[in-house]
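>>> Have a look; sequence and predicted model below, questions after that.
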Amino acid sequence: MVANPLKQEVDETIGKDKSKQKDKSQEKRRKIRRLKYRKRKFPIILRVILILGLIVASLILGLMFGYGILGQEEAKEILEKDTWQHIIDIVKKK
């Protein structure tokens, strides 16, 4: 049985087209991955800094609330060094 040379040629052409399509689709995926990484509008390091800043701000506000409202003192006093020295002395019982 003799193989049809036209059919063989068509099969080779189709095979090449499929491999080209696979290459193109892989290339598109790589470009999309690169673009996704580059599209980051708010970098991770800024996110970390923002979260740490929010944690510090909430800690300070919580201290001011506890000392000022619950402790019935002036809220700004919690930011003074003498107040903290007094608190440390009470805790250590000097």
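Sure, I can see it. Residues are numbered from 1 along each chain as shown.
>>> What are the contacting residues of stretch 82-94?
Residues from elsewhere that reach stretch 82-94 (CB atoms under 8 Å, 6 or more residues apart in numbering): Tyr67, Glu77. C-beta: built from backbone N, CA, C; applies to glycine.
>>> Now with 7 Å, please.
Under the criterion CB atoms under 7 Å, 6 or more residues apart in numbering, residues Glu77 lie in contact with stretch 82-94.
>>> Sort out which residues of that stretch are buried, please.
Residues of stretch 82-94 classed as buried by neighbour count (16 or more other CB atoms under 10 Å): Thr83.
>>> What average pLDDT does that stretch get?
The average pLDDT for stretch 82-94 rounds to 89.
>>> Ile60: helix or strand, and which one exactly?
helix 44-65 (DSSP states H and E).
>>> Give me the helices and strands touching that helix, please.
Helices and strands touching helix 44-65, by 3 or more CB pairs under 7 Å, 6 or more residues apart in numbering; DSSP states H and E: there are none.
>>> Numbering from 682 from now on, please.
Got it, the first residue is 682 from now on, which makes the last one we talked about helix 725-746.
>>> average pLDDT for it?
Mean pLDDT, helix 725-746: 95.
>>> Which SSE is immediately downstream of that helix?
Per DSSP H and E, the first helix or strand lying C-terminal to helix 725-746 is helix 762-773.
>>> For Lys712, give its distance to Trp765.
According to CB to CB, to the nearest Å, Lys712 and Trp765 sit 56 Å apart.
>>> Please disregard the earlier target; I meant Ile730.
Taking CB to CB, one finds Ile730 at 26 Å from Trp765.
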